[in-house]
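# my questions are about this predicted structure, shown below with the sequence.
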Amino acid sequence: MSTKTYQALEGELTVRPSPTVSRSGGSNAVAIVGGYDADNASSDVTAGEATEITDPVSAEDTFGDSEIARAAAVVSSNGVGELYGIPVAETETTESFSGSQTLSLSNSPVFDPELHPDHDVTVTDTATATDLTVNVVHGETTPTPSEEDTANLNPDLGEIETDSSSDYDVTYTYGDYQSAIETAGDLGVRYLNVLTENAGIKATVSTVLADIANDFDFKRAVVGATPEIGASDIGNYSPDETGWRIVEVAPSRATGADGPVRTQSAIAGMLASQPLGPDGSILFDNISGISGLRTSYRASTAKSFEGVTSVTRSGTVAQAVTTSTSNQFKNIYATEIVDEVALRLFSVARDYAGGPQDIGDLQTLLRGVCVTASSGSPPLLG
């Protein structure tokens, strides 16, 4: 990247590539938002509140056998030393259905039993007093099972398909992600690792990040793409949220040292531990803390995603991009540099204006400075 110089206020602002630039926007910490084992968690842990994870390897002692505990170990193994866990408030409920084969639950996503071993989903045929075998499936539709006394659960959609029409009771657990995401957004962290593949939760993350960015509090969130996207379906896949503050990762499911995890945790750790500048790109780096990926992509296949940060079957990062549809805001390392330039310009503008001022006035001033400095458009990286 070439050196750029801009006339700003009463002096010059020079932006040049350097792997040793210190960040002015908080620490390199990661906030993990996800499910926990409430019955076996430490008494100090409260749903919706942040708990510092001082020993990621033994996070199970704090959060129980849960996805937060497993994610903490993966994030840490990719270079992050400062971690926070924010468990979502969970609710267990039972819903009844009469004369049905397709069961649409009132709450989604459902805690996936594969990732939340403490939260089983039970489907009982009340007409015969039979507990059905529950299989977890993923995708835009939920297939009908071919075997008797079987139910297919799509946890992301909150849908269940049974093998025949009858009366059913379904007991499941779901979470309140809103307050946990808001708590994570208020922390002095660099990245939010929101453990989800659900479109609605991603929309909440996007809204929260946009809101705090209005106060010049710049963060990004890492989320998962839809699980089990086949190689032939990559060209038809689009991220649920498009924007330069969202990083969506595929394949989304993997295996860590202690069980099933989301691949995004490795990416979150890598991104948060990187320096500012071109040397901060994770492209072609290898993720750590993952022993296997549930879906495997060849390098050439993984690069076919649009707006998705993808990992090859060997654990190499094939693409390192945000979900933005604008080319200048796709490369993650480049957007971090843009954020840093904006933060430093904001600091200069605030001091130039004579101390703390109304945030809206300072935004207007900063925007004017950028427009003047770049002859009509804000400075971008080229």
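Looks like it arrived, so ask away.

# helix, strand or coil for T93?
At T93 the chain is in strand, as set by DSSP: H, G, I helix; E, B strand; the rest coil.

# check contacts around it.
By C-beta atoms under 8 Å, 6 or more residues apart in numbering, the contact list for T93 reads S106, N107, T171, Y172, T173, Y174. Where you see a C-beta, it was placed from the backbone N, CA and C, and this is true even at glycine.

# output stretch 221-236 as PDB, nothing but the C-alphas.
Taking C-alpha atoms only, stretch 221-236 is exported to PDB below (Å, rounded to 0.1, in the frame of the first residue of the first chain):
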ATOM      1  CA  ALA A 221     -18.500  -9.000  14.700                       C
ATOM      2  CA  VAL A 222     -17.700 -12.500  13.500                       C
ATOM      3  CA  VAL A 223     -20.700 -14.800  12.900                       C
ATOM      4  CA  GLY A 224     -21.200 -18.100  11.100                       C
ATOM      5  CA  ALA A 225     -22.600 -18.800   7.600                       C
ATOM      6  CA  THR A 226     -25.300 -21.400   7.200                       C
ATOM      7  CA  PRO A 227     -24.000 -24.800   8.200                       C
ATOM      8  CA  GLU A 228     -23.100 -27.400   5.700                       C
ATOM      9  CA  ILE A 229     -23.000 -25.400   2.500                       C
ATOM     10  CA  GLY A 230     -22.000 -27.800  -0.200                       C
ATOM     11  CA  ALA A 231     -19.400 -27.000  -2.800                       C
ATOM     12  CA  SER A 232     -22.100 -26.900  -5.500                       C
ATOM     13  CA  ASP A 233     -24.200 -24.400  -3.500                       C
ATOM     14  CA  ILE A 234     -21.500 -21.800  -2.900                       C
ATOM     15  CA  GLY A 235     -22.300 -19.800  -5.900                       C
ATOM     16  CA  ASN A 236     -25.900 -19.400  -4.700                       C
END
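
# list the buried residues for that stretch?
By neighbour count on 16 or more other C-beta atoms under 10 Å, the buried set for stretch 221-236 is A221, V222, V223, G224, A225, T226, P227, I229, I234.

# show me the helices in the stretch 1-150 of the chain, by range?
Under the criterion DSSP state H, counting those that start in this stretch, helices of the stretch 1-150 of the chain are mapped to 60-63, 67-77.

# what do you get for the stretch 201-350 of the chain?
Using DSSP H, counting those that start in this stretch, helices in the stretch 201-350 of the chain cover 264-272, 299-302, 332-352.

# could I get those helices as JSON lines with distance to E147 and mean neighbour count?
JSON lines is the format used below for these (distance: least, C-beta to C-beta, whole Å; neighbours: other C-beta atoms under 10 Å):
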{"stretch": "helix 264-272", "distance to E147": "33", "mean neighbour count": "30"}
{"stretch": "helix 299-302", "distance to E147": "32", "mean neighbour count": "16"}
{"stretch": "helix 332-352", "distance to E147": "44", "mean neighbour count": "19"}
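
# before we move on, back to that, of all the helices of the stretch 1-150 of the chain, which one is nearest T295?
Closest to T295 of these is helix 67-77 (C-beta to C-beta; 17.1 Å).

# quick one, that closest one and helix 264-272 angle?
Here the directions of helix 67-77 and helix 264-272 differ by 40 degrees (axes from the mean of the first three to the mean of the last three C-alpha atoms, to 10 degrees).

# chain center to helix 67-77: distance?
13 Å (C-alpha atoms, centre = their mean, to the nearest Å).

# counting contacts, what elements does that helix pack onto?
With contacts taken as 3 or more C-beta pairs under 8 Å, 6 or more residues apart in numbering; DSSP states H and E, helix 67-77 sits against strand 30-34, helix 60-63, strand 83-87, strand 253-256, strand 259-262, helix 264-272.

# mind listing the strands for the stretch 1-150 of the chain?
Ranges of strands within the stretch 1-150 of the chain are 4-8, 11-15, 30-34, 51-52, 83-87, 89-104, 122-125, 130-131, 133-136, 150-154, based on DSSP state E, counting those that start in this stretch.

# for those, give me CSV that also has distance to E182 and mean pLDDT.
CSV is the format used below for the strands of the stretch 1-150 of the chain (distance: least, C-beta to C-beta, whole Å; pLDDT from 0 to 100):
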stretch, distance to E182, mean pLDDT
strand 4-8, 34, 56
strand 11-15, 33, 58
strand 30-34, 10, 98
strand 51-52, 16, 98
strand 83-87, 9, 98
strand 89-104, 12, 98
strand 122-125, 32, 98
strand 130-131, 38, 98
strand 133-136, 29, 98
strand 150-154, 27, 98
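
# which one of the ones you listed is the most hemmed in?
Sort these by mean neighbour count, taking mean count of other C-beta atoms under 10 Å, and strand 30-34 sits at the top with a mean of 30.

# identify all contacting residues around that one.
Outside strand 30-34, the residues that reach it (C-beta under 8 Å, 6+ apart) are 50, 53, 66-68, 71-72, 75, 80, 82-88, 177, 180-181, 184, 187, 189-196, 265, 268-269, 272.

# quick one: which of the contacts of T93 has the most company?
Compared across those, Y172 has the highest neighbour count, 25 neighbours, by other C-beta atoms under 10 Å.

# low-confidence stretches in the stretch 201-350 of the chain?
349-350 (pLDDT under 70).

# mind doing that once more with 90?
214-217, 276-280, 328, 337-350 (pLDDT under 90).

# gap between R245 and I229?
Going from R245 to I229 by C-beta to C-beta, to the nearest Å gives 22 Å.

# how about G235?
Distance from G235 to I229, by C-beta to C-beta: 10 Å.

# same question for S179.
According to C-beta to C-beta, S179 and I229 sit 30 Å apart.

# quick one: V137 and P143 touch, right?
Yes - using C-beta atoms under 8 Å, V137 is in contact with P143, at 6.4 Å.

# these two: which is more packed in?
Comparing V137 with P143 by other C-beta under 10 Å, the one with more neighbours is V137, at 19 against 11.
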